[in-house]
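Trainee: I would like to see how this sequence folds:
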Amino acid sequence: MATVSLKEAQDKLPELIHHLSPGDELVITENGQPVARLVPTSVEPSERKLGAMHGTVLQVAPDFDAPVDEFREYMQ
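Mentor: You can find the predicted model right below:
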């Protein structure tokens with residue numbers, strides 16, 4: 001866990017943010033005391049879009065929900 005002073009964080013914030021990797025943590029201190037923690041986000045909002053697969057299933061087999069022969073004995 002790396003630490004930087006508040007002054008250094010103010011001067012180099014973009015650089016500090018861009019050097020963070022998943023799982024990294026940067027503690028910002030003021031007068032030697034921790035005041036904030038900088039961590040990267042776990043998932044970027046652009047990666048998750050609800051309904052992104054809507055309309056992609058073009059055909060469903062007529063026996064899609066029929067029992068599988070190999071599991072017939074377990075379903076009785």
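
Trainee: show me where pLDDT drops low in this structure?
Mentor: 42-48 (pLDDT under 70).

Trainee: All the strands of this structure, in order from the start?
Mentor: According to DSSP state E, the chain carries its strands in the segments 2-5, 26-30, 33-38.

Trainee: Determine which stretch of these is the most buried.
Mentor: Highest mean neighbour count of these: strand 26-30, a mean of 16 (counted as mean count of other CB atoms under 10 Å). Just so you know, the C-beta spots here come from the backbone N, C-alpha and C atoms, and that holds for glycine as well.

Trainee: who's in contact with the residue nearest to residue 22 when sequence neighbours are not counted?
Mentor: Nearest residue to residue 22 in three dimensions, chain neighbours excluded: residue 40, at 5.9 Å (CB to CB, 6 or more residues apart in numbering). Residues in contact with residue 40 (CB atoms under 8 Å, 6 or more residues apart in numbering) are 17, 20-22, 24.

Trainee: Between all of those, which two are at the greatest distance?
Mentor: By the measure CB to CB, 17 and 22 form the most distant pair in those, at 13.3 Å.

Trainee: between the two, who's got more neighbours?
Mentor: Using other CB atoms under 10 Å as the criterion, residue 17 and residue 22 rank with residue 17 on top: 12 against 8.

Trainee: Would you agree that one is in contact with residue 28?
Mentor: No. Contact criterion CB atoms under 8 Å: residue 17 and residue 28 do not qualify, at 11.9 Å.

Trainee: where do the contact lists of those two overlap?
Mentor: residue 38.

Trainee: List the contacts of residue 3.
Mentor: Here residue 3 is in contact with 26-29, 34 (CB under 8 Å, 6+ apart).

Trainee: Looking at those, which is nearest residue 58?
Mentor: Closest approach to residue 58 among those (CB to CB): residue 26, at 47.4 Å.

Trainee: need the contact list for the closest residue to residue 5 other than its chain neighbours.
Mentor: The shortest distance from residue 5 to any non-neighbouring residue, by CB to CB, 6+ apart, is to residue 29 (5.7 Å). By CB under 8 Å, 6+ apart, the contact list for residue 29 reads 3-6, 35.
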